[in-house]
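[1] Fold the following, please.
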Amino acid sequence: MKKIRVGVLMGGASNEREISLASGKMVAEHLPKDRYEVVLLDPLALMVGNAKLSSAMRDKAKALIAKGGIIEALPERDKALPASFQKEMTTAAATVLPATDAVAATGGDARIDVAFPVLHGTYGEDGTLQGMLDLIGIRYVGSGTLASALAMDKLMTKTVLEASGLPIARDLLVERRDFVAAPEDTAGRVGAQILPAVVKPVRSGSSIGMTIVHTRAEMGPALEEAFRYDDRALVEERLSGTELTVGVIGNRELTALPVIEIVTKREFFDYQAKYDPALTEEICPARVSDAIAREVQDLAMRAHRALGCRGLSRTDFIYGADGAVILEVNTMPGMTVNSLLPKAARVAGIPFGELLDRLVQLALEDE
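    The predicted structure follows:
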């Protein structure tokens with residue numbers, strides 16, 4: 001039987017580049033070798049090796065690779081991560097760059113039957129890549145253009161969820177131009193309406209740019225941090241309760257994976273806590289009643305359908321005194337050794353390789 005050629009798309013230009021490289025390496029290693037032939041594709045490395053592009057474009061790609069911190073220069077936020085994880089990211093980069101560069105530079109065969117994008121953040125899971133793949137007729141793992149764009153935009157996600165009768169936190173939108181024009185007035189007005197609050201960029205992942213705000217004085221710096229990553233900031237009411245997350249697999253027929261409870265030693269489940277096992281305990285199945293587990297699993301499947309997701313998604317919740325509140329929906333969850341969705345799948349009796357196989361088959365499934 002002819003093997004299916006899978007292009008694992010990884011790396012890219014977003015501020016989650018290094019996590020994407022680590023995810024892609026794991027996907028490539030665990031896709032069943034008897035069924036799939038894997039091609040590693042990093043868009044930036046392909047640009048560097050493509051002689052048809054201008055030298056300016058190739059130089060820009062090189063600069064983005066350096067800025068992404070792979071191999072020599074990890075970003076400041078990553079230097080606090082465990083050495084083992086830094087090594088994992090570095091190894092992933094060293095593996096991918098020569099392979100993708102060789103494909104581009106030598107005219108090697110990069111044709112694929114299906115794409116497996118593990119490109120996180122901007123240009124990866126925001127609908128941009130998905131739209132391109134749709135145009136050139138290549139099937140791909142995960143949600144389509146519209147669902148990806150909606151889920152990447154936290155404000156649009158909440159608009160769709162609220163219209164579908166799903167529970168969300170109270171929020172305010174703040175635009176950079178308003179803050180620049182009157183920073184103190186804007187911060188004071190927002191702080192007077194929502195405290196304590198969670199301030200985050202509208203379009204960013206891995207909790208990058210997110211800050212917990214307890215006082216009005218902290219609102220201005222928190223907005224400045226969010227505006228480093230986006231022109232819009234979402235200020236949400238900070239809710240107390242148990243943090244839960246639920247993975248969903250499927251297209252028409254959905255399967256909700258076991259609920260994971262997240263307990264972190266940090267103030268919230270931030271970038272460092274996500275990738276440092278010493279800082280976070282991820283308990284699966286979660287220490288909640290069967291009724292609560294079924295409730296959040298049902299809400300996760302409803303959110304998946306409301307946004308029009310395909311293949312997989314992961315929905316994050318806070319479960320407090322008033323019940324469950326949806327925080328975010330992720331259309332392309334991480335696939336590293338510490339990632340939540342693969343962990344829940346293992347508890348459900350689905351090994352990582354089988355999970356990846358199932359996701360590829362869902363991508364090839366007829367609409």
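[2] Tell me where the model's unsure across the stretch 151-300 of the chain.
    Residues of the stretch 151-300 of the chain that meet the criterion pLDDT under 70 lie in 205-206, 265-279.
[3] Which parts of it are helices?
    Ranges of helices within the stretch 151-300 of the chain are 154-163, 176-181, 183-193, 219-227, 271-275, 290-307, based on DSSP state H, counting those that start in this stretch.
[4] Which stretch among those helices is buried most, on average?
    Highest mean neighbour count among these (mean count of other Cβ atoms under 10 Å): helix 271-275, with a mean of 22. For glycine as for every other residue, the C-beta is placed from the backbone atoms N, C-alpha and C.
[5] In the stretch 1-150 of the chain, where is pLDDT below threshold?
    By pLDDT under 70, the low-scoring segments of the stretch 1-150 of the chain are 14-15, 45-110.
[6] which residue ranges form the helices in it?
    Assigned by DSSP H, counting those that start in this stretch, the stretch 1-150 of the chain shows helices spanning 17-30, 43-49, 55-68, 76-79, 83-106, 128-136, 145-152.
[7] Of all the helices of the stretch 151-300 of the chain, which one comes closest to residue 340?
    The minimum distance between residue 340 and the helices of the stretch 151-300 of the chain falls on helix 271-275, with 8.9 Å, by Cβ to Cβ.
[8] what's the residue nearest to residue 220 when sequence neighbours are not counted in contact with, if anything?
    Once flanking residues are discounted, residue 220 sits nearest to residue 187: 3.9 Å by Cβ to Cβ, 6 or more residues apart in numbering. By Cβ atoms under 8 Å, 6 or more residues apart in numbering, the contact set of residue 187 is 179, 216, 219-220, 223.
[9] JSON lines please, covering those residues and showing distance to residue 353.
    Formatted as JSON lines, those follow (distance: Cβ to Cβ, whole Å):
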{"residue": "179", "distance to residue 353": "47"}
{"residue": "216", "distance to residue 353": "51"}
{"residue": "219", "distance to residue 353": "47"}
{"residue": "220", "distance to residue 353": "48"}
{"residue": "223", "distance to residue 353": "44"}
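[10] Of the residues you listed, which is the nearest to residue 140?
    Distance ranking of the contacts of residue 187 against residue 140, using Cβ to Cβ, places residue 223 first at 35.6 Å.
[11] Test my guess that the closest one contacts residue 179.
    Yes: the criterion here is Cβ atoms under 8 Å, and residue 223 meets it with residue 179 at 5.5 Å.
[12] Pull up the overlap in contacts between those two.
    186-187, 233.
[13] Turn those into TSV, columns for distance to residue 253.
    Supplementary listing: the shared contacts of residue 223 and residue 179 in TSV, determined by distance: Cβ to Cβ, whole Å:
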residue	distance to residue 253
186	47
187	47
233	38
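[14] quick one: which of those is nearest to residue 151?
    Taking Cβ to Cβ as the measure, residue 151 lies nearest residue 233 of the shared contacts of residue 223 and residue 179, at 18.0 Å.
[15] How many neighbouring residues does the closest one have?
    28 (other Cβ atoms under 10 Å).
[16] Just list the residues touching it, thanks.
    Going by Cβ under 8 Å, 6+ apart, residue 233 touches 173-176, 179, 199-202, 223, 226-227.
[17] Of the contacts of residue 187, which is the nearest to residue 28?
    Ranking the contacts of residue 187 by separation from residue 28, with Cβ to Cβ as the measure, puts residue 223 on top at 39.5 Å.
[18] how near is that closest one to residue 230?
    Residue 223 is 11 Å from residue 230, where distance means Cβ to Cβ, to the nearest Å.
[19] Likewise for residue 44?
    Residue 44 sits 21 Å away from residue 230, going by Cβ to Cβ.
[20] next one: residue 150
    As judged by Cβ to Cβ, residue 150 and residue 230 stand 16 Å apart.
[21] Who has more neighbours out of these two?
    The residue with more neighbours, out of residue 150 and residue 230, is residue 150; 24 against 19, by other Cβ under 10 Å.
[22] any idea how far the more buried one lies from residue 37?
    For residue 150, the distance to residue 37 (Cβ to Cβ) stands at 33 Å.
[23] now residue 129
    21 Å.
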